[in-house]
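K.L.:
Everything below, folded, please.
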Amino acid sequence: MLEPALGRLLPNFFRHFPTVFAEREQLEARHGNDGALAWSLFRLNWLVLTVLLAVFDLCLMMTDFRIQSLGYLVVLGVAAIYGVTGHLNAQSAHRAQPRLFSFLIGLAQVILGMSILTSLTYIATAANLPLQDANLLAIDRALGFDFRQYLKFADSSTWLIVVLAFCYRSIFWQIFLVLIGLPLAGYCRRTAEFVLALMLALVMTCCITMIVPAIGVYQILGLVPSDHLNIIPDAYYDTAREMPLIRAGELRLLDVSHLVGVVTFPSFHAASAILYAWALWPWR
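P.N.:
Okay, here's the model as predicted:
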């Protein structure tokens, strides 16, 4: 019985290959090789986003977290506008522009992906595993990294504070500039690869921060504002305010417009810097 079944199944399976190759040829004819590869990667990105959205929905069903619907509907609507516009441009037989649809779809996927994954960091934090600040500090010291000395040096240099603060706060602007710059320069496939890498980095960050939760070195060292008169660590203050509430079960309403960074380790800013350098490497 197995052989006749395979005999019927295999021809049906291989019958789809000419269609796949024909679609591939049409894409290359319409967008060029780089544009066709970009389109394939963007489709993969949508699949990844679908899985992430399903995980987010599952977490909401299995926990006591709830969402402020309006904010997420706005995010979904904005992402849909960019995504659908990019999709229509890519499918157009006469007006398809790989640079345009790469920017639009890439922007849609980043908006949706970062909203979902930032929300998931809150749910991951609620796992309430033991804080690892002391262990992380011990590792720093073992490596010869003295945070107090670095803080003292930075606090004494006003120009350095301005530069570092600008760079730290520009993380989202840098993502936007990469999404504009790569397609304009003709690196459409690189744009899709960057979006995928960004989402995977956020997934890894979310998983690691659940296992290695930390509030920040300021707390474990007992630092107070008088120890750094010129530095205002807003990111640390956000984490120090939100994380205890999440871990205690007191913060369970997710409003996408008011989410802050609750990830101390690993540093997504450091990961982003590496991703930006890698994404823009073709311009070297």
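K.L.:
CA atoms of the helix or strand residue 276 falls within as PDB?
P.N.:
Using DSSP states H and E, residue 276 falls within helix 268-279. Provided in PDB are the C-alpha atoms of helix 268-279 (Å, rounded to 0.1, in the frame of the first residue of the first chain):
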ATOM      1  CA  PHE A 268      21.100  45.300  23.200                       C
ATOM      2  CA  HIS A 269      22.900  48.600  22.500                       C
ATOM      3  CA  ALA A 270      26.200  46.700  22.200                       C
ATOM      4  CA  ALA A 271      24.500  44.100  19.900                       C
ATOM      5  CA  SER A 272      23.000  46.900  17.800                       C
ATOM      6  CA  ALA A 273      26.400  48.500  17.300                       C
ATOM      7  CA  ILE A 274      27.800  45.300  16.000                       C
ATOM      8  CA  LEU A 275      24.800  44.800  13.700                       C
ATOM      9  CA  TYR A 276      25.100  48.400  12.300                       C
ATOM     10  CA  ALA A 277      28.800  47.800  11.500                       C
ATOM     11  CA  TRP A 278      28.000  44.500   9.800                       C
ATOM     12  CA  ALA A 279      25.000  45.900   7.900                       C
END
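K.L.:
which residues sit against it?
P.N.:
Identification of contacts with helix 268-279 by CB atoms under 8 Å, 6 or more residues apart in numbering yields 168, 171, 174-175, 178, 182, 190, 193-194, 197-198, 201-202, 205, 261. All C-beta spots, glycine's among them, are computed from the backbone N, C-alpha and C.
K.L.:
And the average pLDDT for that helix is what?
P.N.:
For helix 268-279, mean pLDDT is 92.
K.L.:
Mind listing what's buried along it?
P.N.:
268, 271-272, 275-276, 279 (16 or more other CB atoms under 10 Å).
K.L.:
Could you identify the most distant pair in these?
P.N.:
Spatial extent of these (CB to CB) is set by the pair 268 and 279 at 15.2 Å.
K.L.:
need the helices for this protein, in chain order.
P.N.:
2-14, 17-62, 69-91, 98-125, 133-142, 147-155, 158-169, 171-184, 188-211, 217-220, 234-247, 268-279 (DSSP state H).
K.L.:
okay, the ones you listed, which one's buried deepest?
P.N.:
Counting by mean count of other CB atoms under 10 Å, helix 98-125 has the highest mean neighbour count of the helices of the chain, with a mean of 23.
K.L.:
picking that back up, can you list the helices of the chain in CSV and add distance to residue 257?
P.N.:
Compiled in CSV, those are given as follows (distance: least, CB to CB, whole Å):
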stretch, distance to residue 257
helix 2-14, 48
helix 17-62, 17
helix 69-91, 5
helix 98-125, 10
helix 133-142, 29
helix 147-155, 31
helix 158-169, 18
helix 171-184, 14
helix 188-211, 19
helix 217-220, 26
helix 234-247, 14
helix 268-279, 19
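K.L.:
Quick one: closest of these to residue 228.
P.N.:
helix 147-155 (4.7 Å).
K.L.:
mind exporting that closest one as CSV, just the C-alpha atoms?
P.N.:
What follows is helix 147-155, C-alpha atoms only, in CSV (Å, rounded to 0.1, in the frame of the first residue of the first chain):
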residue,chain,number,x,y,z
PHE,A,147,33.0,50.6,36.9
ARG,A,148,33.5,53.3,39.6
GLN,A,149,36.7,54.5,37.9
TYR,A,150,35.1,54.6,34.5
LEU,A,151,32.1,56.4,35.9
LYS,A,152,34.4,59.0,37.7
PHE,A,153,36.3,59.6,34.4
ALA,A,154,33.2,60.0,32.3
ASP,A,155,31.5,62.3,35.0
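K.L.:
got the angle for that helix vs helix 133-142?
P.N.:
Orientation check (axes from the mean of the first three to the mean of the last three CA atoms, to 10 degrees): helix 147-155 against helix 133-142 gives 80 degrees.
K.L.:
Now find how far off-centre helix 147-155 is within its chain.
P.N.:
30 Å (CA atoms, centre = their mean, to the nearest Å).
K.L.:
Just the angle for it relative to helix 158-169, thanks.
P.N.:
Using the same axes, to 10 degrees: helix 147-155 against helix 158-169 is 110 degrees.
K.L.:
Nearest to residue 39, out of the buried residues of helix 268-279: which one, please.
P.N.:
residue 279 (18.3 Å).
K.L.:
picking that back up, quick one, the helix holding residue 276 and helix 234-247 angle?
P.N.:
120 degrees.
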